[in-house]
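Asks: Would you be able to build a 3D model of this:
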Amino acid sequence: MQYLCIKQLTAGGRTYNPGNIIPDGVILPERSSKLIKNGYISKVNEETDENHDEMYTKEQVEKILAEAIEDAVNNTIAEMDQKQKELQEELQQTAAELKETEDGAYMESIVIDIIIGSDGENEQHMAVMAKPEEIQQVFSIMQLNAENGSKAIADVKSENVLILLHASDSRKTIKDAAKKQADNLFSTNGDSEAYRGSNAATDTNIKGDDT
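Replies: Predicted coordinates:
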């Protein structure tokens, strides 16, 4: 089958420009569909005079080009509509998955790995998911002296802050104050089972100098 070249391409070792007729046998059947779809070639009307093997008239070329462009545009629009539909479905699926997550859960949290125990060879680790403001509170208390730090700990309501203070501050006064406040929080909440992991962290005996 002969084809009309719509966009420049090379086939059979020859370069064809728009308006050229590509002879029968140059374009393989398995390749022609893709080239037609992408707007490179168009089928030649079988009733066209066989003597016009190289060039169509200007009017014929313009008509065929217009039809080919229209087909290519329609195919592109159809593909874009399909992709947009798929994207919308993906977004809807993502939105549905996000709704299953509690609002604000773990948002802007930082995972901090701390050591809560050691037998000399093996260490026990605990992951604490702390928010930026909790980490800031930890550093604020650590910058205070032991006496003022202990007073500040008495007002702490975050178990993460208490765990991090107990694990990172070497001062015994601070450690004791953090453990005491943690015990108070757990007692107030009346849910010691839920805080067993946290309590284990503050119960860890990490020795340090009191300053």
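
Asks: make it CA atoms for all contacts and neighbour counts henceforth
Replies: OK.

Asks: Would you check how far apart residue 132 and residue 126 are?
Replies: 18 Å (C-alpha to C-alpha, to the nearest Å).

Asks: ugh, wrong one, residue 76
Replies: 54 Å.

Asks: which regions of this structure lie under the pLDDT threshold?
Replies: 45-58, 84, 87-88, 90-92, 94-107, 120, 189-211 (pLDDT under 70).

Asks: so residue 3 touches residue 39, yeah?
Replies: No - in this structure residue 3 lies outside contact range of residue 39 using C-alpha atoms under 8 Å: 11.7 Å.

Asks: Now do the helices in the protein.
Replies: 29-37, 58-99, 132-142, 146-153, 159-168, 172-189, 196-203 (DSSP state H).

Asks: Find the one among these with the highest mean neighbour count.
Replies: helix 159-168 (a mean of 23; mean count of other C-alpha atoms under 10 Å).

Asks: what angle sits between that helix and helix 172-189?
Replies: 150 degrees (axes from the mean of the first three to the mean of the last three C-alpha atoms, to 10 degrees).

Asks: domains for this structure, by residue range?
Replies: Taking automatic domain parsing as the domain assignment, the ranges for the chain are 3-86, 110-203.

Asks: I'd like those written out as CSV, with distance to residue 93 added.
Replies: As requested, those are exported to CSV (distance: least, C-alpha to C-alpha, whole Å):
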stretch, distance to residue 93
domain 3-86, 11
domain 110-203, 27
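
Asks: Contacts only, for residue 1.
Replies: 23, 24, 25, 43, 44 (C-alpha atoms under 8 Å, 6 or more residues apart in numbering).

Asks: Drop anything exposed from those residues.
Replies: The neighbour count (16 or more other C-alpha atoms under 10 Å) marks residue 43 as buried among those.

Asks: now the contacts of residue 1 as TSV including distance to residue 145?
Replies: Formatted as TSV, these follow (distance: C-alpha to C-alpha, whole Å):
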residue	distance to residue 145
23	92
24	92
25	90
43	87
44	91
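
Asks: if you look at the contacts of residue 1, which of them are in strands?
Replies: residue 43 (DSSP state E).

Asks: Out of the contacts of residue 1, which is nearest to residue 157?
Replies: residue 43 (77.4 Å; C-alpha to C-alpha).

Asks: Show me the beta-bridge partners of the closest one.
Replies: residue 3 (DSSP bridges).

Asks: Give me the distance between residue 147 and residue 153.
Replies: 10 Å.

Asks: so what sits against both of those two?
Replies: With the criterion set as C-alpha under 8 Å, 6+ apart, the contacts of residue 147 and residue 153 do not overlap.

Asks: circling back: please compare residue 3 and residue 39 by neighbour count and tell me which comes out ahead.
Replies: Each of residue 3 and residue 39 has its neighbours counted (other C-alpha atoms under 10 Å); residue 3 has more, 23 against 20.

Asks: and which of the contacts of residue 1 is nearest to residue 72?
Replies: Minimum distance to residue 72 across the contacts of residue 1 is 13.5 Å, recorded for residue 43 (C-alpha to C-alpha).

Asks: Next up, the contacts around that closest one.
Replies: Residue 43 neighbours (C-alpha under 8 Å, 6+ apart): 1, 2, 3, 4, 36.

Asks: tell me which of these is nearest to residue 19?
Replies: Of the contacts of residue 43, the one sitting nearest to residue 19 (C-alpha to C-alpha) turns out to be residue 4, at 6.3 Å.
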